[in-house]
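Novice: My questions are about this predicted structure, shown below with the sequence.
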Amino acid sequence: MNSITVGGKDRPVNVGWGMLKEFGKLTGRTFGQVFEVSDLTFDDIEKLLFAGLKWGAKREGQEFDVKLKDVGEWLDEDINVVSEFMVMFQEELTASLDEKNVPAPEAGQ
């Protein structure tokens, strides 16, 4: 499992069904829209990272006591986490879809 250093510690990140569903709930995005990352707002990026951290902790059996506002504060401390996480997200999503031989949704679907 991937991890990212944010909020002063190394935290597991999961990119999978639960994470994508969580992100959709937090943002109101549909299934196809959760894959569309070129038009994310600042709030969307925080919610995407929050969902990845939440499901990473869950997969590792760790307690998750992070609040969404914490993620924004952490990103304010180290904005480089955004690019690191977005690269990880794209790579994991592509690898997962390729592994399962599932075509990636086309833009705008």
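Specialist: Looks like it arrived, so ask away.
Novice: Could you give me the buried positions within the worst-scoring helix or strand of the chain on mean pLDDT?
Specialist: Ranked by mean pLDDT, DSSP states H and E, the helix or strand of the chain with the weakest confidence is helix 80-99, at a mean of 86. Of the residues in helix 80-99, 81-82, 85, 88-89, 92-93 count as buried by neighbour count, 16 or more other C-beta atoms under 10 Å. To be clear about C-beta, it is placed using only N, CA and C from the backbone, and glycine gets the same treatment.
Novice: same check, this time on stretch 50-59
Specialist: 50-58.
Novice: Using PDB, write down the CA coordinates of it.
Specialist: In PDB, the C-alpha atoms belonging to stretch 50-59 read as follows (Å, rounded to 0.1, in the frame of the first residue of the first chain):
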ATOM      1  CA  PHE A  50      -9.100  12.900   2.900                       C
ATOM      2  CA  ALA A  51     -10.900   9.900   1.200                       C
ATOM      3  CA  GLY A  52      -7.600   8.300   0.300                       C
ATOM      4  CA  LEU A  53      -6.300   8.700   3.900                       C
ATOM      5  CA  LYS A  54      -9.500   7.400   5.400                       C
ATOM      6  CA  TRP A  55      -9.600   4.300   3.300                       C
ATOM      7  CA  GLY A  56      -5.800   3.800   3.700                       C
ATOM      8  CA  ALA A  57      -6.200   3.800   7.500                       C
ATOM      9  CA  LYS A  58      -9.200   1.400   7.200                       C
ATOM     10  CA  ARG A  59      -7.300  -1.000   5.000                       C
END
